[in-house]
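**Student:** Sequence and predicted structure below; questions after.
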Amino acid sequence: MRAGDGLPPLRIPITRTLVVAGAIASRDYQDVHHDPELARRRGSPDVFMNILTTNGLVGRYVTDCFGPRAVLRGVAIRLGAPNYPGDTMVLSGTVEEVDGDTATVKIVGENGIGRHVTGTVTVTVPAEGLVCPAEGVV
């Protein structure tokens with residue numbers, strides 16, 4: 001693992017079930033994450049994914065790439081374009097820095113309307129290094 005190494009992209013289909021289940025699992029009961037009619041009344045075309053679900057997917061992407069012994073030390077993300085049901089988010093990453101057993105990874109997640117998430121993940125990596133699988137789909 002070296003600075004500049006890319007992680008294989010991960011395609012995540014955004015389903016209504018994923019959006020609603022993520023909101024419920026994170027105890028985010030805002031109507032825009034589970035009620036399409038109320039979301040439309042608030043100006044959104046449909047329900048959309050909450051930040052905690054996105055945060056979890058970003059963390060999972062990195063730990064899947066670095067192996068089961070990898071430990072997340074920090075996740076800092078910023079949301080952009082909403083993730084709506086029927087779209088697909090593609091996560092990609094680049095190793096920005098390696099310091100001993102710790103790597104800093106820049107993450108980008110894009111969907112059909114733009115950049116959904118950008119951020120940085122700090123992860124402690126096991127000695128065997130990068131074990132990221134080939135390009136995947138959830």
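**Tutor:** Done, it's in.
**Student:** So the most centrally placed residue in the chain: helix, strand or coil?
**Tutor:** When Cα atoms, centre = their mean is applied to the chain, the residue found nearest the centroid is residue 58 (2.8 Å). With DSSP: H, G, I helix; E, B strand; the rest coil as the basis, residue 58 sits in helix.
**Student:** how about it, what does it touch?
**Tutor:** Residue 58 is in contact with 75, 77, 91, 107, 109, 117, 119, 121, counting by Cβ atoms under 8 Å, 6 or more residues apart in numbering. C-betas here are computed from N, CA, C, even on glycine.
**Student:** chain center to stretch 33-49, what's the gap?
**Tutor:** 21 Å (Cα atoms, centre = their mean, to the nearest Å).
**Student:** er, stretch 54-64 I mean
**Tutor:** 5 Å.
**Student:** try stretch 35-54
**Tutor:** Counting by Cα atoms, centre = their mean, stretch 35-54 comes out at 18 Å from the chain centroid.
**Student:** And it, end to end?
**Tutor:** 19 Å (Cα to Cα, to the nearest Å).
**Student:** do the same with stretch 60-73
**Tutor:** 13 Å.
**Student:** same thing with stretch 11-20?
**Tutor:** For stretch 11-20, the first-to-last residue distance is 19 Å (Cα to Cα).
**Student:** now stretch 78-97
**Tutor:** First-to-last distance for stretch 78-97 - Cα to Cα - comes to 20 Å.
**Student:** low pLDDT regions in the protein?
**Tutor:** 128-138 (pLDDT under 70).
**Student:** Relative to its centre, which residue of it is most distant?
**Tutor:** The C-alpha centroid of the chain is most remote from residue 41, which lies 27.4 Å away (Cα atoms, centre = their mean).
**Student:** ok, it to residue 32 distance?
**Tutor:** 10 Å (Cβ to Cβ, to the nearest Å).
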